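J.: no sequence for this one, just the structure:
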Ligand SMILES: [Zn+2]
């Protein structure tokens, strides 16, 4: 069981590094908005993934299928990763809005200036 989680955290750690590089390397590099969207959606997918790991870990723990040491270590690791990812996500959204992206009044999605309708819910730009 712990080998399985070791592998998961190793793989996700590599993706995390990738996204951090993309996010921190992005300002002033003139990335096309498609790239920004990919990073944004990628970060969200990572948040979802780690939330899933955490839920699965809690489930295993509640059924006594994971030892306490592994549980504590992975829980800490996943929570730290989630905090980092959420911080990256907030930072990215803030930067996008500063560079002219608009926030949907209905659902809160950030949209590139070229779009006239929200890419998530379809509401028109303000
Ligand atoms: Zn919307």
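T.: Received, thanks. As the structure is a computational prediction, the values presented were derived from the model and not from experiment. Numbers count the residues shown, from 1 in each chain.
J.: Can you tell me how far residue 119 is from residue 41?
T.: According to C-beta to C-beta, to the nearest Å, residue 119 and residue 41 sit 10 Å apart. The way it works is simple: take the backbone N, C-alpha and C, and place the C-beta from them, glycine included.
J.: Looking at the two, which one has more neighbours?
T.: Each of residue 119 and residue 41 has its neighbours counted (other C-beta atoms under 10 Å); residue 119 has more, 14 against 11.
J.: my read: that one touches residue 111, true?
T.: Yes: Residue 119 lies in contact with residue 111 (C-beta atoms under 8 Å); the separation is 5.7 Å.
J.: near the ion, which residues of this protein?
T.: Within reach of the ion by C-beta under 5 Å from the ion, the chain has these residues: 104, 106, 107, 109, 118, 120, 121, 123.
J.: want to try TSV for those, with secondary structure and pLDDT as columns?
T.: As requested, these are arranged in TSV below (DSSP: H, G, I helix; E, B strand; the rest coil; pLDDT from 0 to 100):
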residue	secondary structure	pLDDT
104	coil	96
106	coil	96
107	coil	96
109	coil	95
118	coil	96
120	coil	94
121	coil	96
123	coil	96
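J.: okay if I get those residues as TSV plus neighbour count?
T.: Converted to TSV, the residues of the chain next to the ion look like this (neighbours: other C-beta atoms under 10 Å):
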residue	neighbour count
104	20
106	11
107	12
109	17
118	20
120	13
121	12
123	14
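J.: tell me which residues in stretch 41-49 are buried?
T.: By neighbour count on 16 or more other C-beta atoms under 10 Å, the buried set for stretch 41-49 is 43, 46, 47, 49.
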